[in-house]
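Peer 1: whatever this is, show me its structure:
(one chain, ligands or ions: 1)
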Amino acid sequence: MTIADLNSQYGQPGLSFVEGGGGLTFAEIDNAGGHARICLQGAHIVSWTPKSQAEPVVWVSDMAKYGLGKSIRGGVPVCWPWFGPHATEQGFPGHGFARTTMWQVTGSETLANGDTRVKFMLMPNDQTHSQFPKACRAELIATVGATLQVELVTTNLDNEAIEIGEALHTYFRIGDIGTATVTGLENTGYVDKADGGQHKTQSGAIAFSGEVDRVYVGTAAECVIVDPDLKRRIRVAKTGSRSTVVWTPWIEKAEKMGDFGPGRNNQGGWREMVCVESGNALDDVVSIPAGESHTLSVVYSAEPM
Ligand code: TA6
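Peer 2: Presented below is the predicted three-dimensional model:
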């Protein structure tokens, strides 16, 4: 569909479709509650700023690469239908193919409270079929306003159960990684990917003084990012999710990855973000019976502290 067609079929007050970086198409939402940009490649929410906030809540790197088949550093990458490396095929893309595949817009509406809702469906192609040869549908519903809700719906169209791993790999803007903490995962078991995959238990709030790459398992808990520098709390409330991933690359890994940029204070973009990811990974992967759907849903909000 051309941008003109998208605008005539799905445009709303506060929702328009525009061409952006790398020639990709973006949904641009600007309503009374907030502002967001969503790339049709990956149904990737690139940024979200509630009107109550001077700084974005969902962070994207200034050095993010936009282009066909490239994943964007920041925003809300959709990891699907597996999380992390593929279980058996090393050549398959990390975190699945959803974030680098084109999605189609299938609906839009303005809700009674003024929020804007946009619906997307992943467009299967030869590559997605060869990497995940199952009959199934992935849909993403983004509801943008003073809060951001993201729903990832997987429908099994096959005649046997399918298993999926998934995550909304959200990057949050924080003042500085050295002062931010994450609460909600106290006493929860996790797999420490930065320490050889050891199984550990969280004690107290999570604070950061080096690389953290942890998959907390068997947890439906709400998490809060406490940010004394930006004087706010970011709340991450989820349903249909049993895993929470917390990630900061720290300096060495960020430099190797090369797309975090200098950041606002020139101390490295990695210092001003943290990922708190809601999903189903490792032993929490989801089995969906034939003909049924599974929904992972997350509501993000920010409040002053
Ligand atoms: O969720 C954390 C993680 O799996 C890390 O291991 C890390 O490398 C990151 O995601 C980013 O992955 P990406 O493929 O986007 O570079």
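
Peer 1: for the rest of this, base every contact and every neighbour count on C-alpha atoms.
Peer 2: Noted.

Peer 1: where does the residue of the stretch 101-250 of the chain found nearest the ligand land in three-state SS?
Peer 2: Closest residue of the stretch 101-250 of the chain to the ligand, CA to the nearest ligand atom: residue 247 (5.3 Å). Of the three states, residue 247 takes strand under DSSP: H, G, I helix; E, B strand; the rest coil.

Peer 1: mean confidence for the longest strand along the chain?
Peer 2: Longest strand in the chain, counting residues (DSSP state E): strand 293-304. Per-residue pLDDT values over strand 293-304 give a mean of 98.

Peer 1: tell me the strands beside that strand, with direction?
Peer 2: Counting by DSSP bridges, the strands paired with strand 293-304 are strand 148-156 (antiparallel), strand 232-239 (antiparallel).

Peer 1: up against the ligand, what does this structure have?
Peer 2: Listed as neighbours of the ligand in the chain under the rule CA under 6 Å from any ligand atom: 84, 94, 213, 245, 247.

Peer 1: check those residues for burial and list the buried ones.
Peer 2: Buried residues within the residues of the chain next to the ligand, defined by neighbour count using 16 or more other CA atoms under 10 Å: 84, 213, 245, 247.

Peer 1: right, and the last one touches residue 273 too?
Peer 2: No: Residue 247 lies out of contact with residue 273 (CA atoms under 8 Å); the separation is 9.4 Å.

Peer 1: can you give me the helices in the stretch 201-305 of the chain?
Peer 2: 250-257 (DSSP state H, counting those that start in this stretch).

Peer 1: again with the stretch 51-200 of the chain
Peer 2: Counting by DSSP H, counting those that start in this stretch, the helices of the stretch 51-200 of the chain are 126-131.

Peer 1: all strands for it, in order.
Peer 2: 78-79, 103-110, 116-122, 136-144, 148-156, 162-164, 166-168, 171-173, 181-183, 189-192, 198-201 (DSSP state E, counting those that start in this stretch).

Peer 1: quick one, the fifth one and strand 116-122 angle?
Peer 2: This means strand 148-156. Angle of strand 148-156 versus strand 116-122, following axes from the mean of the first three to the mean of the last three CA atoms, to 10 degrees, is 30 degrees.
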